[in-house]
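Trainee: Structure here, sequence nowhere to be found:
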């Protein structure tokens, strides 16, 4: 968990604490699932459009990093934890997640 950045920890917490370990999505034609999920998350947590524009690419990059680390699986219709990702997610308590969420939603990356 220490090797993960703030945004990666946020995504793990977001999936675990806000979505019970799984996010269902519908991707637009020609748009990657990671980009769709990043936009969805940014729209949900940030009210300011400038913040959304700032955090969306960072969320997308973090999703790709978590896939490379085999913590999540992303397909055209869902994002879910791998068994390793589930273990890591259990280490992130809700209070810590909420602090991280507040920082990310304000664009303080």
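Mentor: Yep, it's here. Note that the structure is predicted; figures quoted are calculated from it, not measured. Residues are numbered from 1 along each chain as shown.
Trainee: Helices of the protein, start to end?
Mentor: Listed in chain order, the helices of the chain (DSSP state H) span 6-13, 19, 33-45, 49-68, 83-90, 94-105.
Trainee: what about the closest residue to residue 57 other than its chain neighbours, neighbour count?
Mentor: Leaving out its chain neighbours, the residue that sits closest to residue 57 by Cβ to Cβ, 6 or more residues apart in numbering is residue 38, at 7.3 Å. C-betas here are computed from N, CA, C, even on glycine. A count of nearby residues for residue 38, using other Cβ atoms under 10 Å, gives 24.
Trainee: what do you get for residue 48?
Mentor: For residue 48, the number of neighbouring residues by other Cβ under 10 Å comes to 12.
Trainee: Now do the contacts for the nearest residue to it once chain neighbours are set aside.
Mentor: Closest residue to residue 48 apart from its sequence neighbours, by Cβ to Cβ, 6+ apart: residue 107 at 7.6 Å. Taking Cβ atoms under 8 Å, 6 or more residues apart in numbering, we find residue 107 in contact with 46, 48, 50-51, 54-55.
Trainee: List only buried entries from these.
Mentor: For the contacts of residue 107, burial is judged from neighbour counts taken by 16 or more other Cβ atoms under 10 Å, and it is met by 46, 51, 55.
Trainee: Just give me the closest of these to residue 31.
Mentor: residue 55 (17.4 Å; Cβ to Cβ).
Trainee: now the closest residue to residue 26 other than its chain neighbours: how far from residue 23?
Mentor: Computed as Cβ to Cβ, 6+ apart, the closest residue to residue 26 that is not its neighbour in sequence is residue 77, at 6.9 Å. Between residue 77 and residue 23 the computed distance is 10 Å (Cβ to Cβ, to the nearest Å).
Trainee: More neighbours: which of those two?
Mentor: The residue with the greater number of neighbours, taking residue 77 and residue 23 and applying other Cβ under 10 Å, is residue 23; the counts read 20 against 11.
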